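S.K.: I need the structure of the sequence given here:
(chains A, B and C)
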Amino acid sequence: MSETVLMKGNEALAEAAILAGCRHYFGYPITPQTEVAAYMAKKMPKIGGTFLQAESEIAAINMVYGVASTGHPAMTSSSSPGISLKTEGISYLAGADLPALIINVQRGGPGLGGIQPSQSDYYLVTRGPGHGDFHVLVFAPSSVQEMADLTGRALHLAWKYRMPAMLLADGTMGQMMEPVRLPEPCNAFGDDNPWAAVGTGMKRPHNIITSLDLSAETLEKKNIERFERYKTIEENEPLWEEYMMDDAEICIVSCGITARVSRNAIVEARKQGIKVGMLRPITLWPFPKKALAAAADKVNAFLCVEMNMGQMKDDVELAIRCRKPVALCNRVGGMIPTPDEVLEHIKKIAEGGIEA
Amino acid sequence: MAHHEIVIAGFGGQGLLFIGKILAYAGLVEKRQLSWLPSYGPEMRGGTANCNVILSDDPVGSPIVQHPNVLIVMNTPSLDKYESAVVPGGKIFVDSTLISRKVERSDVDVYYIPATQMAKDLELGNLANMILLGSVIRETKCIREETVEEALKHVIPARKANLMDVNLKAIQAGKDYRP
Amino acid sequence: MIVFEKPHALTDTPLHYCPGCTHGIVHRLVAEAIDELGIEGRTVGIAPVGCSVLAYNYFNCDMIEAAHGRAPAVATGVKRALPDNIVFAYQGDGDLASIGMCETVSTAARGENLTIIFINNAIYGMTGGQMAPTSLLGQVTQTSPYGRDPKTQGYPIRVCELLATLDAPAYLERVTVNNVKNVRNAKRAIKKAFQNQIDGKGFSFIEVLSACPTNWGMTPQKALQWIDEAMIPQYPLGVFRDKEA
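M.R.: Residues are numbered from 1 along each chain as shown, chains lettered A, B, ... in the order given. Sure thing, here's the model as predicted:
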């Protein structure tokens, strides 16, 4: 294991991607993720990799599509408005069954919005960011360590399942420094990709990378097969962390920075004798539905703590089939809920004053 | 159980993040739990800026400091903004060259250090931030005195190693200062 | 006996193009160039969105289908990952000069060492004959039913001339395929655009004035004449950049 170092979240994820074997980065400047591009600009030329500042977010994701078509790992990074632009390319990646890593360091929206942290791309990225029926793997890190670890995992699983994966962070995660142990270098990708467009070598029929299929029958079949693969992923890949859930009567559901804030509120509430715990989804797609359903058997109420208007709350209610009330503690526009605000909500629920 | 939640605030360019980085690296050297969170955006370029540092023996929850027990301020707007947030019994460090008003609260310890004037008098350039840090280390023990030098090595790039001595001198001046 | 053979770089798949469409000729010229240069095994082609969207079925090399207008970005990615391979994009006027203009200009400005074949037929073919960025003034299309009016619909874009303002491109030439002589000339240009890439000379771009009898509402023969009469005056043939020369 490497030694512990201090790194910004944005730099840790960039280094982790390199350590996982990614050698092609394409991006376009946007706050608050520009450190990723800056890091790659310094590092890639020294290790024989590609750093290219693309003419737009759209071009960047399509350059990723080009590299992915050749069977090499590639990534791009952006923040919310840039992700809107990338959705076209993400849809094509999904339609052509290509692996890719997309980093989204979220900021407040809609529109140009602001530059302060947000979680308001939840709907966009968990429903399939682009046109058509598809999903991308979505990981929500809650520490700089997870920024590094989940980047490696996202690349690995994108490759395993041949689909795009997204690291969904926010401005706080990107900008903060924490001690981090970087993973050991590895190559999760393999060199033998019989599907890749690398030249036939006059030894095999040509490979075609495409998302187009003008036959409705076969296009339907491809969609259904893709969703069979998604079913396996929903079965095997959900990740979550439980915190003080053993005797909990109230379950907070929160990810990323708000999960960190919620921890403080839980510690304080426990001091006041309130039995509250947290289920923190680490993968947002696949969503940890079973874990939430199991929690619903034990607790009296849920509290979603989010930096959006309650987007994840919908998924919690679906996962538990609305069997228990689900309350919301939220701030938006770049505001972050304080531990005191979360505590107030916990107390209100404990006193039976839930408004679901 | 040591637990310090520190806010460093002032204008961009005063070396606020630098103070935070030294504290964070000292925490790393001492193998403590820690987080360092800067404000970011246009305010980095000359407006008000701040940095949150948490040093703890326990895992850090939220990296956002809501109620600091150590506040370091280098301009009046920052004192106005954060004075009321400090926990009772907390410590406030004021650059009294730049902030003319007094802290109004009586339930906190206040240290007035004319850091900017001292830096000028001692020909320490713009190292008022390091003078304040010296005082903070002495009064709060949030990091050990002996780890400062190692932390500085992390923060000062090798090609600027000649700045090491002057930074240490500024920190020492802060430690030695008595009103 | 001389047998006129199909180039190896073309598959046996029957082309779907309309009678009189010149895509087939240009496909053949590209395939001949690939054959003659012996690069089929290491070539990766990028197909656009538009009439030639299914070009990936017609070329025997590995093929990638790109989103509308994004072929130069995809080609850039491929070339960065496989610098020793030969990479070409094949695009129409809507794809390259309208929705994809940003990618076109930026890829040219970077001087990416790849080859772009640009089919300019002054109309959107696949969607049924709408105005293109290269439609001529007064040209009647589905979306310019009274003729292209510069007051509301602007002027046609001359892509070779526009790219010639950039420092990076190695080779820019406009050709056409409306008679035997011009086909031979187009073949020379296309082959050179691939040879340049093999030699590492940089961005090479061939614009081919092409016929769309179906959407122009003309017989194939009349359409070839129209290239001479209407298109060439607006889009003069010739070399706009050749760093070698």
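S.K.: quick one: contacts for the residue lying farthest from the centre of chain A?
M.R.: Ranked by distance from the centre of chain A (Cα atoms, centre = their mean), the top residue is A:M202, with 40.2 Å. Contacts for A:M202 were tallied using Cβ atoms under 8 Å, 6 or more residues apart in numbering or on different chains; they are C:E40, C:G41. C-beta coordinates here come from the backbone N, C-alpha and C atoms, glycine included.
S.K.: what does the one 5 residues further on give?
M.R.: Residues touching A:N207, when contacts are defined by Cβ under 8 Å, 6+ apart, comprise A:P194, A:W195, A:A196, A:A197, A:T200, C:D62, C:M63.
S.K.: how about A:G333, nearest residue that isn't a chain neighbour?
M.R.: Distances taken as Cβ to Cβ, 6 or more residues apart in numbering or on different chains place A:G108 nearest to A:G333, at 4.7 Å, with adjacent residues excluded.
S.K.: how many neighbours does that neighbour have?
M.R.: Per other Cβ atoms under 10 Å in any protein chain shown, the neighbour tally for A:G108 reads 24.
S.K.: pull the contacting residues for it.
M.R.: By Cβ under 8 Å, 6+ apart, the contact list for A:G108 reads A:S80, A:G114, A:I115, A:Q116, A:P117, A:S118, A:S120, A:V332, A:G333, A:G334.
S.K.: ok, of the residues you listed, which come out buried?
M.R.: When those are checked for burial by 16 or more other Cβ atoms under 10 Å in any protein chain shown, the buried set is A:S80, A:G114, A:I115, A:Q116, A:P117, A:S118, A:S120, A:V332, A:G334.
S.K.: so the fourth one sits against A:R331, correct?
M.R.: No - contact between A:Q116 and A:R331 fails when scored by Cβ atoms under 8 Å: they sit 10.3 Å apart.
S.K.: do a quick rundown of the strands in chain C.
M.R.: C:43-47, C:62-65, C:86-92, C:115-120, C:123-124, C:130-131, C:171-176, C:204-209, C:238-242 (DSSP state E).
S.K.: of all those strands, which lies closest to A:I209?
M.R.: For A:I209, the closest of those is strand C:62-65, at 4.4 Å, according to Cβ to Cβ.
S.K.: and that closest one, average pLDDT?
M.R.: Strand C:62-65 comes out with an average pLDDT of 98.
S.K.: do that strand and chain A meet at all?
M.R.: Yes - if you take Cβ under 8 Å from any Cβ of the partner chain as the test, strand C:62-65 does meet chain A, through C:D62, C:M63, C:I64, C:E65.
S.K.: and that strand, which residues are buried?
M.R.: For strand C:62-65, by 16+ other Cβ under 10 Å, it's C:D62, C:M63, C:I64, C:E65.
S.K.: equivalent analysis for stretch A:18-37, please.
M.R.: A:18-28, A:30-37.
S.K.: please name the nearest non-neighbouring residue to whichever residue of chain C sits closest to chain B.
M.R.: Nearest to chain B, among the residues of chain C, is C:C102, at 27.1 Å (Cβ to the nearest Cβ). Among residues not flanking C:C102 along the chain, A:E55 sits closest, at 5.5 Å (Cβ to Cβ, 6+ apart).
S.K.: pull up the residues of the stretch 1-150 of chain A that are close to chain B.
M.R.: A:T4, A:V5, A:L6, A:T31, A:P32, A:I115, A:Q116.
S.K.: let's see 7 Å
M.R.: Neighbours of chain B within the stretch 1-150 of chain A, by Cβ under 7 Å from any Cβ of the partner chain: A:T4, A:L6, A:T31, A:P32, A:I115.
S.K.: in this structure the fourth one contacts A:S78, no?
M.R.: Think A:P32. No - using Cβ atoms under 7 Å, A:P32 is not in contact with A:S78; the gap is 10.7 Å.
S.K.: one step back: just the ones of the contacts of A:N207 in strands?
M.R.: C:D62, C:M63.
S.K.: closest one of the contacts of A:N207 to chain B?
M.R.: Nearest to chain B among those: A:A196, at 39.2 Å, using Cβ to the nearest Cβ.
S.K.: what's the closest non-adjacent residue to the residue in chain C that chain A sits nearest to?
M.R.: Of all residues in chain C, the one sitting closest to chain A is C:G77 (2.3 Å; Cβ to the nearest Cβ). The shortest distance from C:G77 to any non-neighbouring residue, by Cβ to Cβ, 6+ apart, is to A:G66 (2.3 Å).
S.K.: who's in contact with that neighbour?
M.R.: With contact taken as Cβ atoms under 7 Å, 6 or more residues apart in numbering or on different chains, A:G66 is in contact with C:A73, C:V74, C:A75, C:T76, C:G77, C:V78.
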